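**Q** here you go, sequence then predicted model.
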Amino acid sequence: MSLAAENVSWSREGTLVVDGVTLRPAPGDTVGLLGPNGSGKSSLLRLMQGVAKPSAGTVRLDGEALSSIPRRSIARAVAVVSQHAQTDMDILVEDVVRLGRIPHRGTWGGDPEADRAAVVRALEHTGLADKADRLWHTLSGGERQRVQIARALAQEPRELLLDEPTNHLDIRHQLELLTLVTRLPVTSIVALHDLNLAAMFCDQLVVLKDGAVVAGGTPREVLTPALIRDVYEVDAEVRYDDARGRVAISFEPAALAAH
Ligand SMILES: Nc1ncnc2c1ncn2[C@@H]1O[C@H](COP(=O)(O)OP(=O)(O)OP(=O)(O)O)[C@@H](O)[C@H]1O
């Protein structure tokens, strides 16, 4: 068992932004959450991390309703990398990553040695070891994004929720980040805009449109020209690359579908 959404809906300011979504990732899978701007990906991720309560339906962690689990217990299992982490504080990179250890501190403090080792591992995994003592706000957008990933890794979660984690990253770091995520012994749900990255790295895809699931399955099952046209309103060519064992999608600049 892991983190699962069962028929969840959420109305924000009178608008239904998540509409009866069920999402049950298999343990260890990387699930890509696709859909156009405003289709409800971030909203669904907020419900699944327990920072917002669904208007209907239930999010469960190991079978128990998230709403009845203490925040600290949720944070020991579920780490989040959101889109717009910002701070103006003078805080060192290493200290941002160390924030990931907070859920592991008990009433009598944590295990300083385990905390230190987890922070070092997370910095190394994300290629940030040489930036540990830089001030966070002096980093580039992409480096900051990697620090957020490092913070989530230091949390040593079982479930990882990532909202467009490749934003700001150059192509090498996009590939490195998603390779890292797929190799971690965790279940990941990752909102993505890049369909080729989704095809390359995700075991399963779930596609949202107007808050509702319109398709789900393997990238090969889901990423068809018809689906892409229906959901994104663009024409696409989809090839199956036998050598690589994955679909590859190309778009034409003037491929806006007529509607
Ligand atoms: N605080 C809010 N109050 C009311 N409506 C909101 C709020 N935040 C988002 N929404 C609306 O909820 C809908 C879903 O937004 P959400 O951010 O979940 O979509 P998304 O798929 O993550 O989009 P994007 O790809 O642009 O990040 C949108 O119509 C948006 O305008």
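**A** Yep, it's here.
**Q** any idea which residue sits dead centre in the protein?
**A** Compute the mean C-alpha point of the chain, and by Cα atoms, centre = their mean the closest residue is residue 162, 1.7 Å away.
**Q** residues contacting it?
**A** Taking Cβ atoms under 8 Å, 6 or more residues apart in numbering, we find residue 162 in contact with 80-81, 149, 152, 181, 188-191. In this view, the C-beta of every residue, glycine as well, is placed from N, C-alpha and C.
**Q** mind redoing it with 7 Å?
**A** Counting by Cβ atoms under 7 Å, 6 or more residues apart in numbering, residue 162 makes contact with 81, 181, 188, 190-191.
**Q** of the residues you listed, the lowest pLDDT goes to which?
**A** Minimum pLDDT for the contacts of residue 162 is recorded at residue 181 (88).
**Q** looking at the contacts of residue 162, which is nearest the ligand?
**A** The ligand lies nearest to residue 191 out of these, by Cβ to the nearest ligand atom, at 6.2 Å.
**Q** who's that closest one bridged to?
**A** In this entry, residue 191 is beta-bridged to residue 33, residue 163, by DSSP bridges.
**Q** residue 31: which element?
**A** In this structure, residue 31 sits in strand 30-34 according to DSSP states H and E.
**Q** what about that strand, near the ligand?
**A** No: using Cβ under 6 Å from any ligand atom, we find that strand 30-34 stays clear of the ligand, coming within 8.2 Å at best.
**Q** which elements pack onto that strand?
**A** Helices and strands touching strand 30-34, by 3 or more Cβ pairs under 7 Å, 6 or more residues apart in numbering; DSSP states H and E, are strand 187-191, helix 195-201, strand 204-209.
**Q** need the contact partners of that strand.
**A** Contacts for strand 30-34 (Cβ under 7 Å, 6+ apart): 25, 41, 44, 181-182, 188-192, 198, 201-208.
**Q** off-centre distance for stretch 60-67?
**A** 19 Å (Cα atoms, centre = their mean, to the nearest Å).
**Q** report the mean confidence score over that stretch.
**A** pLDDT averaged over stretch 60-67 gives 95.
**Q** how far away is residue 187 from the ligand?
**A** 20 Å (Cβ to the nearest ligand atom, to the nearest Å).
**Q** now swap in residue 151 and tell me
**A** As judged by Cβ to the nearest ligand atom, residue 151 and the ligand stand 21 Å apart.
**Q** can I assume that residue is in contact with residue 96?
**A** Yes: with contact defined as Cβ atoms under 7 Å, residue 151 counts as touching residue 96 (5.7 Å).
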